[in-house]
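S.K.: Sequence below, structure please.
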Amino acid sequence: MFTRVKNALYNVVGGLDALPAVRDGEAPGDGDKLPLKFKYTRPSFLQLTTDDEVQVSADHVIRPIIVPRDVSKIPWNAGYAEAINAGKSLRNEDQAAVYRGAVRRGAHGDGAELPWVYFALFDGHAGSGVAVAASNVLQRVLQDKLMSVMELLVPDGGGVPAAPEGGFLPFGDRKITADSLVIGALETAFWDMDQQIARDKKHYKMTGGCTVLVALFILGKLYLANAGDSRAIICRGEQVTPMSCDFTPETERSRIKHLGMQCPELLGSEFTHLEFVRRPVRADLGKRLLCRDAFMTGWAYRTVTPEDLRFPLIYGEGKRSRVLATIGVTRGFGDHDLKAQSSNVDIKPFLTPEPEVRVFDVCSEELTDGDVLVMGTDGLWDVLPNDKAAQIVLKSLDHFPASDTQRHKFRYISAAQDLVMHSRGKLKERSWRTADNRAATIDDISVFVIPLKGYQDEHRAWIATTHPQPQAEQQPQQQPQSQQQPQQQPQQQPQQQPQLQIHSQPQSSPPPSSLSLSVPAPAPPAPPPSAAAS
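M.R.: A predicted model of the protein is given here:
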């Protein structure tokens, strides 16, 4: 009990994670004799091919910002940058993955094809094993799930999907949308991946756990699946659209407390699901103290009993809150063997791989090259609000005008690098400080900056290639109608215009105008197309 209280105190006072038994979360005897299923490395698109290069990227003193050598390794020249922690763990426990896939109809995969693009971030904790495994396997699990509903997503004739705008698919009395099929594929992929990790841990050394953030581009839409405290936002100028929710013990307090109330056996004899306004002590026995039960949002008095002296299921507030005084995340993969500090109480029952999925209709929007999806692990967002991130991206992109063809392709990598630079800060007097001299993050940082228009153009080109015939047939049929009823032409255009305004409503002004308002700073030198230390 004393150890648990001590760790909780360190969390509140020092702002540190719960102390592991040994460095990097790999306890002696915990699968030491088991082989590794996947060797530790950095994301393949960084092209850090040797152990020496990986070692250089892991310098805790310099904390170099690593960017891809070749921008073409990521779809649409999207940007990526990362930096290691300041000594919190031996390795960078973040992982990232990019994948281009396609599902095909037919028993032999020779039928109609539906392409998809996948970006993922995995924020590991208590070891890098689970994050490395997920970054290698999750896309294959997702491929299988999409393939299982391929017959429903694409008609027999191929080409345009059966319900590209979320239309209904006939299933008796039920109405099933294409969106619900893709969301279901993501949800089952997350659950199956977590179960596969549980099975693999019996045969391979696979340490820790990880949060998961996945961006799936398919059917002209973006499906953003999140399980953890990583975050994604869409930036259109300075306008921000959140695409995820941070799942922490603080935000999931109600779900976890309900589970503890309904299944008290999960708490052993050491924890309680009740939340008191302060931690009760023996002197409070028989006295009334403000308390909040799992079914409550407010507070009420409760007479303190000996059972109420147990440690709270959720300890701490805000970013420092912990489940069973041990872990600060509530969703993700792994942690199957994790127990509460100095206790035999399992933590896994309170964690879940269930993702929240949000959908953004990319192809219904009027997009510019400056409209991007920003994905980052919590190391980025610990010291960077959403609106500030949008300002950094906008300012960075302004330095790379379209007229500068030589440097234009580096604009998204530069934006990702600037975001990491802001949250990492600079080393001043043995501490990392931001540009405004606030405490910078000491955590690992990984960031994607993905241009939405890149996918929009690609999807429209795919539609034109796979389904050109109906468009060619419609034009001769529409010409006689327009000649016979010339007065209907002006009436149709005003009906279409409000739809464009509605789709672009989140913007306070058209993108070109908002970009021209900011005064660009002198253009920085082009970022090298290779891993660089900053």
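S.K.: send the alpha carbons of the longest strand seen in the chain over as CSV?
M.R.: Ordering each strand of the chain by length in residues (DSSP state E) puts strand 113-125 first. Below are the C-alpha coordinates for strand 113-125, written out as CSV (Å, rounded to 0.1, in the frame of the first residue of the first chain):
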residue,chain,number,x,y,z
GLU,A,113,-11.1,-3.2,-56.8
LEU,A,114,-11.7,-0.7,-53.9
PRO,A,115,-8.5,1.2,-52.9
TRP,A,116,-7.8,2.4,-49.4
VAL,A,117,-5.0,4.3,-47.6
TYR,A,118,-4.1,3.9,-43.9
PHE,A,119,-2.1,6.1,-41.5
ALA,A,120,-1.6,5.0,-37.9
LEU,A,121,0.1,6.1,-34.7
PHE,A,122,0.8,3.8,-31.7
ASP,A,123,1.9,5.4,-28.4
GLY,A,124,3.6,2.6,-26.4
HIS,A,125,4.0,2.5,-22.6
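S.K.: Mind listing what's buried along the following helix or strand past that strand?
M.R.: Toward the C-terminus, strand 113-125 is succeeded by helix 129-148 as the next helix or strand (DSSP states H and E). Neighbour-count burial for helix 129-148, with 16 or more other Cβ atoms under 10 Å as criterion, is recorded at 129-139, 141-143, 145-147. For every residue, glycine as well, the C-beta is placed using N, CA and C.
S.K.: what helices or strands is helix 129-148 leaning on?
M.R.: Packing partners of helix 129-148 (3 or more Cβ pairs under 8 Å, 6 or more residues apart in numbering; DSSP states H and E): strand 94-104, strand 113-125, helix 178-200, strand 209-218, strand 333-334.
S.K.: Pro35: which of the ones you listed is closest?
M.R.: Minimum separation from Pro35 across the helices and strands packed on helix 129-148 (Cβ to Cβ) falls at helix 178-200, 10.9 Å.
S.K.: average pLDDT across that closest one?
M.R.: In this model, helix 178-200 has a mean pLDDT of 97.
S.K.: which residues touch it?
M.R.: With contact meaning Cβ atoms under 8 Å, 6 or more residues apart in numbering, helix 178-200 is reached by 37, 130, 133-134, 137-138, 141-142, 144-146, 148-149, 152-153, 161-164, 166-167, 169, 206, 212, 214, 216, 218-219, 221, 223, 225, 227, 333-334, 336, 353-355, 357, 359.
S.K.: Kindly recompute the last result at 7 Å.
M.R.: 37, 130, 133-134, 137-138, 141-142, 145-146, 149, 152-153, 161-164, 166, 169, 206, 212, 214, 216, 218-219, 223, 225, 227, 333-334, 336, 353-355, 357, 359 (Cβ atoms under 7 Å, 6 or more residues apart in numbering).
S.K.: For the stretch 251-400 of the chain, which segments count as strands?
M.R.: Here the stretch 251-400 of the chain has its strands, by DSSP state E, counting those that start in this stretch, at 271-272, 275-276, 288-292, 300-303, 311-312, 314-315, 322-323, 333-334, 356-360, 371-376.
S.K.: Let me know the next secondary structure element after the helix or strand harbouring Leu419.
M.R.: Per DSSP H and E: Leu419 is located in helix 411-424. Next helix or strand after helix 411-424 toward the C-terminus (DSSP H and E): strand 426-428.
S.K.: Give the pairing partners of that following strand; include direction for each.
M.R.: Strands flanking strand 426-428 in the sheet, each with its direction: strand 431-433 (antiparallel) (DSSP bridges).
S.K.: which residues in the stretch 201-350 of the chain form helices?
M.R.: Ranges of helices in the stretch 201-350 of the chain, per DSSP state H, counting those that start in this stretch, are 253-262.
S.K.: mean confidence for stretch 41-51?
M.R.: Rounded mean pLDDT across stretch 41-51 is 94.
S.K.: For the remainder of this discussion, apply numbering that starts at 49.
M.R.: In the new count, where the first residue is 49, that last one comes out as stretch 89-99.
S.K.: what sits up against that stretch?
M.R.: 102, 105, 114, 116-118, 121-122, 143-146, 579.
S.K.: got the contact list for the closest residue to Asp430 other than its chain neighbours?
M.R.: Nearest in space to Asp430, with sequence neighbours left out and distances taken as Cβ to Cβ, 6 or more residues apart in numbering, is Thr489 at 4.5 Å. Contacts for Thr489 (Cβ under 7 Å, 6+ apart) come out as 427, 430-431, 471-472.
S.K.: if we go to 10 Å?
M.R.: Taking Cβ atoms under 10 Å, 6 or more residues apart in numbering, we find Thr489 in contact with 131, 133-134, 136, 425-432, 468, 470-473, 480, 482.
S.K.: do the same with Pro290
M.R.: Pro290 neighbours (Cβ under 10 Å, 6+ apart): 272, 279-282, 406, 434.
S.K.: Quick one, which of those residues are buried?
M.R.: Buried, going by 16+ other Cβ under 10 Å: 272, 279-282, 406, out of those.
S.K.: domains of this structure?
M.R.: 49-81+296-376, 82-295+401-507 (automatic domain parsing).
S.K.: ranking these by burial, who's on top?
M.R.: domain 82-295+401-507 (a mean of 20; mean count of other Cβ atoms under 10 Å).
S.K.: Pull the distance from that one to the chain's centre.
M.R.: 6 Å (Cα atoms, centre = their mean, to the nearest Å).
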